[in-house]
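Visitor: Test case, fold it:
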Amino acid sequence: MTRQVPIESLRNIGIIAHIDAGKTTVTERILFYTGRTYKIGDVDAGTAVMDWMAQERERGITITAASTTTSWRDQVINIVDTPGHVDFTVEVERSLRVLDGGVVVFDAVAGVQSQSETVWRQADRYHIPRICFVNKMDRVGADFWRTLGMIKERLSARPVAIQIPIGAEDAHQGAIDLVEMKAITFSADRETPPKVEPIPDAYLTEARTRREQLIEAIAEVDDQMLISYVEHHDVSPSELKKGLRRAVVSNLVNPVLCGAALKNKGIHPLLDAIIDYLPSPAEVPPVKGIHPKTGGLIERRPRDEEPFAALAFKVVADPYVGRLVYFRVYSGCAKQGAAVLNSARDKKERLGRILRMHANRREDIDDVKAGDIAATVGLKNTFTGDTLCALDEPVILEAIKFPDPVISVAIEPKTKDDQDRMAETLVRLGEEDPTFRTRYDSETGQTIISGMGQLHLEIIVDRMLREFNVEANVGRPEVAYKETIVQPARAEGRFVRQTGGRGQFAVVQLEVEPQPRGAGFKFEGKIIGGAIPREFVPAVEQGVREALETGVLSNYPVIDVKVTLVDGQHHPVDSSEMAFRMAGSLGVQVGLKRGKPILLEPFMKVEVATPDEFFGDVLGDITSRRGHVVNVDQSGHLRVISTLIPLAETFGYATDLRSLSQGRATYTMEFDHYEEVPVSVAEHVIGRVRGVVRR
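Guide: Below you'll find the predicted structure:
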């Protein structure tokens with residue numbers, strides 16, 4: 001099926017939220033009411049269409065971003081349902097990179113939770129217009145206006161209520177539409193469409209006041225609405241809709257709706273809001289890229305007649321069709337079988353079958369056009385973040401940035417058969433997930449896998465067994481420590497070898513200095529007067545980079561340092577790239593030792609929600625784990641503790657928290673920053689690592 005609708009009638013949206021806010025439930029209802037499915041999937045029962053992986057159905061959480069296409073009011077909607085668990089934040093990151101709008105789901109009882117803040121910040125980074133849906137209005141403790149206040153305070157957003165809830169908790173029936181000034185009520189029978197009626201007298205005064213506040217909020221950011229507001233004109237529903245759309249597309253306000261997805265309430269108005277307020281690909285600014293040869297800036301407008309440009313944002317090893325690459329088309333068209341250029345790797349590729357995905361089901365389509373999201377088979381050399389473009393009009397679009405892993409485990413195959421298959425399996429899983437890394441430790445003879453958290457690595461090992469039939473033993477988790485220095489130092493790297501024939505000669509003078517935390521590695525060449533020929537400078541940098549992969553304290557990678565090449569010596573015959581690479585490597589190792597090396601450990605941002613009666617025990621446990629309490633909030637009968645805890649102290653935390661609170665406390669955890677390890681702990685870590693190496 002080829003897209004028959006114009007680009008203006010297309011919406012590419014993501015459903016994003018904190019874990020358990022109800023993203024997948026909202027998506028399942030959207031699919032049902034748009035006629036995409038004929039039976040509502042249930043997350044708890046393990047029948048959700050969008051949670052198609054066995055691990056998702058067993059755990060009741062979303063692990064991989066699933067995409068689907070549906071339609072509403074003759075408009076086509078591409079939907080991506082993203083995970084809420086922080087271990088799978090890569091899925092949110094790559095989805096937001098290619099989407100034009102978002103629906104952020106909030107729990108009406110819990111309000112803005114820690115992962116809500118993370119996904120909101122990710123959406124801010126990509127300038128994505130959003131509408132908010134306050135879910136679970138039927139639950140005890142649901143409070144629409146409190147959640148709205150939290151969105152404003154915690155997220156520094158501009159939420160505007162376009163609905164007032166009719167009742168809350170057991171009495172929740174529907175909402176008052178402040179744009180149309182109508183009451184929308186929902187029946188217990190999911191097949192019965194919502195009833196649109198005049199506003200009940202009990203809500204009329206509040207509705208008028210809230211509508212006035214809505215117009216005022218839009219007038220603050222929209223000139224046309226400001227004129228109507230200042231001159232006291234009656235604002236018609238269509239005028240208000242247009243003003244609200246302009247403000248949302250410009251990312252100046254966030255309309256807020258409410259409902260209870262599990263009870264099928266609020267989905268129809270949400271679908272209308274997606275169509276009415278979120279942008280089509282045609283309303284999004286042109287995508288910018290660079291020319292692979294000249295480095296010049298190139299713009300691609302979202303039009304079919306422009307040269308083809310698309311971004312590959314996901315690679316999946318599909319057991320039925322093979323290697324599946326998801327991509328978003330920013331400009332131009334491409335047909336099945338078309339030859340395209342992977343400009344990031346300078347390789348020609350041929351598009352095989354082009355597929356429109358519905359979770360893990362596929363529909364063949366003939367071609368893709370500007371604004372489309374699709375998948376294809378047959379791309380052998382294309383990976384996440386690569387650009388696909390027309391052969392004669394090359395462009396490289398901005399790639400997707402991914403965080404580094406924070407936790408590692410050793411893994412070994414159970415049998416000889418498993419050993420042969422394990423390496424290939426790990427490569428395929430690494431292609432799918434850029435936050436999953438594999439390396440072989442030659443000193444211990446172990447294969448080390450690294451990821452974003454314990455659950456992340458558990459899922460990887462589970463998938464190895466189920467999808468690839470590889471059984472493996474897993475060691476205890478290891479923290480991804482890093483090393484850095486605290487004072488500047490100068491060092492010489494000398495690599496001189498004289499043998500019978502041609503020798504090796506390279507001398508470099510290096511300055512190493514600490515960088516602010518998170519600044520990464522910088523290299524600068526400041527050679528004056530040709531002490532080292534210019535062609536050898538990249539070899540010095542390569543040697544420095546290789547040396548920084550294993551530090552001088554305990555073989556952990558070195559971060560946040562600047563290395564400057566200030567002087568050196570060369571020989572007209574004996575100098576070579578290899579000699580300067582070795583000299584750079586030796587010199588930086590000496591510099592690191594002189595720069596007072598220290599060990600850094602990852603700190604996790606942990607948010608614990610505990611009933612009042614367990615507050616003291618939970619707080620005491622956090623302190624015993626070297627945790628710093630940042631904030632304590634009261635949320636109904638719960639205390640919410642925001643704290644920073646070293647990752648090394650969090651292993652087994654789920655079990656301990658359960659036993660401390662009789663299973664009633666919950667927590668979320670995400671990586672926050674690296675910080676210096678206390679001396680006593682550092683000595684233990686360094687001693688343990690050196691002990692392993694000696695064995």
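Visitor: hang on, isn't residue 576 packed against residue 504?
Guide: Yes. Shown here, residue 576 and residue 504 form a contact pair, counting by Cβ atoms under 8 Å, at 6.4 Å. Bear in mind the C-beta positions are built from the backbone N, C-alpha and C, glycine included.
Visitor: The longest strand belonging to the chain packs against which elements?
Guide: Scanning the chain for the strand with the most residues, using DSSP state E, yields strand 597-611. The helices and strands touching strand 597-611, judged by 3 or more Cβ pairs under 8 Å, 6 or more residues apart in numbering; DSSP states H and E, are strand 482-485, helix 615-624, strand 638-646, strand 666-676, helix 679-694.
Visitor: pull the CA atoms of it into CSV?
Guide: Extracted in CSV, the C-alpha atoms of strand 597-611 (Å, rounded to 0.1, in the frame of the first residue of the first chain):
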residue,chain,number,x,y,z
PRO,A,597,45.5,9.8,39.0
ILE,A,598,42.2,9.1,40.8
LEU,A,599,39.4,6.6,40.4
LEU,A,600,35.9,7.8,39.5
GLU,A,601,32.7,5.8,40.0
PRO,A,602,29.2,6.2,38.5
PHE,A,603,26.6,7.8,40.8
MET,A,604,22.9,6.9,40.2
LYS,A,605,20.0,9.2,40.7
VAL,A,606,17.6,7.1,42.8
GLU,A,607,14.0,8.2,43.6
VAL,A,608,12.4,6.1,46.3
ALA,A,609,8.6,6.4,47.2
THR,A,610,7.9,4.8,50.6
PRO,A,611,5.0,4.9,53.0
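Visitor: pLDDT below threshold where in this structure?
Guide: Along the chain, segments meeting pLDDT under 70 span 1-4, 37-66, 84-89, 318-319, 359-360, 442-444, 499-501, 636, 688-695.
Visitor: Just give me the residue right at the centre of it.
Guide: The centroid of the chain falls nearest to residue 93 when counting by Cα atoms, centre = their mean (2.5 Å).
Visitor: show me what contacts that one?
Guide: Residue 93 makes contacts with 122, 400-402, as judged by Cβ atoms under 8 Å, 6 or more residues apart in numbering.
Visitor: Mind putting these into JSON lines with distance to residue 571?
Guide: Formatted as JSON lines, those follow (distance: Cβ to Cβ, whole Å):
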{"residue": "122", "distance to residue 571": "52"}
{"residue": "400", "distance to residue 571": "45"}
{"residue": "401", "distance to residue 571": "42"}
{"residue": "402", "distance to residue 571": "43"}
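Visitor: now those: which count as buried?
Guide: Neighbour-count burial (16 or more other Cβ atoms under 10 Å) applied to the contacts of residue 93 gives 122, 400, 402.
Visitor: right, and the last one touches residue 437 too?
Guide: In this case it means residue 402. No. Judged on Cβ under 8 Å, residue 402 makes no contact with residue 437 at a distance of 10.3 Å.
Visitor: Identify each buried residue in stretch 291-311, please.
Guide: 292, 298, 300, 302-304, 306-311.
Visitor: hang on, the earlier thing: nearest to residue 495, of the buried ones among the contacts of residue 93?
Guide: Within the buried ones among the contacts of residue 93, proximity to residue 495 (Cβ to Cβ) peaks at residue 402, which comes in at 35.1 Å.
Visitor: The closest residue to that closest one other than its chain neighbours: how many residues sit nearby?
Guide: Closest residue to residue 402 apart from its sequence neighbours, by Cβ to Cβ, 6 or more residues apart in numbering: residue 434 at 4.5 Å. Counted with other Cβ atoms under 10 Å, residues neighbouring residue 434 total 20.
Visitor: try residue 265
Guide: For residue 265, the neighbour count with other Cβ under 10 Å is 28.
Visitor: Repeat that for residue 231.
Guide: Quick note: residue 231 (other Cβ under 10 Å) scores 7 neighbours.
Visitor: same deal with residue 242?
Guide: By other Cβ under 10 Å, the residues close to residue 242 number 16.
Visitor: roughly how far apart are the nearest residue to it once chain neighbours are set aside and residue 379?
Guide: Excluding the flanking residues, the one nearest residue 242 by Cβ to Cβ, 6+ apart is residue 224, at 8.0 Å. Here residue 224 is placed at a distance of 46 Å from residue 379 (Cβ to Cβ, to the nearest Å).
Visitor: where does the residue nearest to the centre of the chain fall, helix, sheet strand or coil?
Guide: helix (DSSP: H, G, I helix; E, B strand; the rest coil).
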